[in-house]
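> quick one, what's the 3D model for this:
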Amino acid sequence: MKRWIALLLCMTMLLGLVACGNTGKNSSSDFQYVIKDTGVVITGYEGSATKLTVPATIEGKPVTAIGKEAFAYASKLKSITLPEGLTILGSRSFMWCEMLTEITLPSTLTTIGIGAFSNCTDLQTVTLPDGLTAIGDDAFFFCNSLTAIHVPSSVTYLGKQAFAYCSKLTDVTLPSGLIELSEKLFFKCTSLTGIALPTTLVKIGDLAFSDCNKLASITVPAAVATIGENAFMDCRDLKSVSFVPGALVSLGDNAFAGCGNLVQISLPQGLTAIGDGVFSGCTTMAWIYIPDSVKSIGESVFYRCLSDLLLRGKAGSYTENYAMENNLDFEPLGETA
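Residues are numbered from 1 along each chain as shown. Below is the predicted model of the structure:
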């Protein structure tokens, strides 16, 4: 009787595995995988190849996804080609593949998951396909050999820190319909000298360009309503900041703090609030134009600025009163600088 019960339990478990999806290891390869209704998900790799092509099908089923951490820490892998039909790269799927220099992505790819290529320190270039819609948090975090990235217009989401610590990144194209630059998106991209922001952008997130110390100029599009805290902090080579007049209403705390080469700046009409420490440490700034729409200036905004810093604005404005209260020089001008 016990033998029959044990047999029945085994059969029940086996049927459950079939219902949920078969797991197995391809006898002719080093891949581990799960077969689901939608196709094959590769869940692991035990090989030692330096150059690898992932098959388009396994057991007659299409390979549609690379699972979580499937190739993580594959220390010998230098080149990999992913098959057409693949749509998803899971979280940390190629994390810490330190020797990886080249990857070929399929045209069918739609999603790059969280940390997919984080710490791939030898990855130099990657071509993102048209049709890609999402790049997760930390996707290319600390890919410090990556020199160029062109994000197609199909991408609507760029995650936090997606390109943070990409210290050799010099050539960036952002998608034309992008709405937000997420937190720390280009944090410590220390070789980035310039970047064109899409006209659809409405928000520049906290620390988005912080410590991009070679960034020389930036133009803020008209649709941008908020610039987050520390957004351009310690961009020490930043000399030119231009605002296309439009939606901007607030500058977050320390937004331009430590921009020691910023000589002058003209803030746009419509701006209402300047946060704490926004221009602190801008040690060469000679003058700043503040429009009469500004009704709030935070603490320590001009800390460690020149003693003869000149504030320009409309006579009788909040800025003039602020200058008088803080013993700063003020020059009355018209509506614009």
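
> alpha carbons only for contacts and neighbour counts from here, please
Noted.

> neighbouring contacts of stretch 278-291?
Outside of stretch 278-291, the residues within contact range by C-alpha atoms under 8 Å, 6 or more residues apart in numbering are 251-271, 300-306, 308-314, 319, 335-337.

> ditto for stretch 35-45
Contacts to stretch 35-45, defined as C-alpha under 8 Å, 6+ apart, come from residues 20-23, 30-34, 57-58, 61-71, 74.

> what's the answer for stretch 320-332, then?
By C-alpha under 8 Å, 6+ apart, the residues outside stretch 320-332 that reach it are D308, L309, L310, L311, R312, G313, K314, A315.

> what's the answer for stretch 147-160, then?
For stretch 147-160, the external contacting residues (C-alpha under 8 Å, 6+ apart) are 124-139, 166, 168-185.

> which of those fall within strands?
Of the contacts of stretch 147-160, the ones assigned to strands by DSSP state E are A134, I135, D171, V172, T173, E180, L181.

> show me the contacts for the fifth one.
What that stands for is T173. I149, H150, V151, I195, A196.

> and what of the first one?
Shown in contact with A134 (C-alpha under 8 Å, 6+ apart): T110, T111, I112, G113, V155, T156, Y157, L158.

> could I get the residues you listed as a markdown table with neighbour count, pLDDT and distance to N230?
Shown next, in a markdown table, are the contacts of A134 (neighbours: other C-alpha atoms under 10 Å; pLDDT from 0 to 100; distance: C-alpha to C-alpha, whole Å):
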| residue | neighbour count | pLDDT | distance to N230 |
| --- | --- | --- | --- |
| T110 | 21 | 98 | 31 |
| T111 | 20 | 98 | 29 |
| I112 | 26 | 98 | 27 |
| G113 | 23 | 98 | 26 |
| V155 | 22 | 98 | 25 |
| T156 | 18 | 95 | 24 |
| Y157 | 20 | 96 | 21 |
| L158 | 26 | 98 | 19 |
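
> out of those residues, the closest to I227 would be?
The nearest member of those to I227, counting by C-alpha to C-alpha, is L158 at 16.8 Å.

> which residues pair with the closest one across the strands?
I135 (DSSP bridges).

> what about it, distance to K184?
Taking C-alpha to C-alpha, to the nearest Å as the measure, L158 falls 11 Å from K184.

> ok, V155 next?
For V155, the distance to K184 (C-alpha to C-alpha) stands at 18 Å.

> so where's the chain uncertain?
1-28, 334-337 (pLDDT under 70).

> hmm, back to that, any shared contact partners between L158 and K184?
With C-alpha under 8 Å, 6+ apart applied, the contact sets of L158 and K184 do not overlap.

> for I103, the count of nearby residues, please.
Residues contacting I103 under the criterion other C-alpha atoms under 10 Å number 19.

> can you pull the contacts of it?
Listed by C-alpha under 8 Å, 6+ apart, the contact set of I103 reads S79, I80, T81, L82, V126.

> now do Y165
Listed by C-alpha under 8 Å, 6+ apart, the contact partners of Y165 are F141, F142, C143, N144, F186, F187, K188, C189, T190.

> switch the cut-off to 10 Å
Residues counted as contacts of Y165 (C-alpha atoms under 10 Å, 6 or more residues apart in numbering) are 119, 138, 140-146, 184-190, 211-212.

> name the member of the contacts of I103 with the most neighbours.
The most neighbours of any of the contacts of I103, using other C-alpha under 10 Å, belong to L82, which has 20 neighbours.

> wait, it touches L52, no?
Yes - with contact defined as C-alpha atoms under 10 Å, L82 reaches L52; the gap is 8.8 Å.
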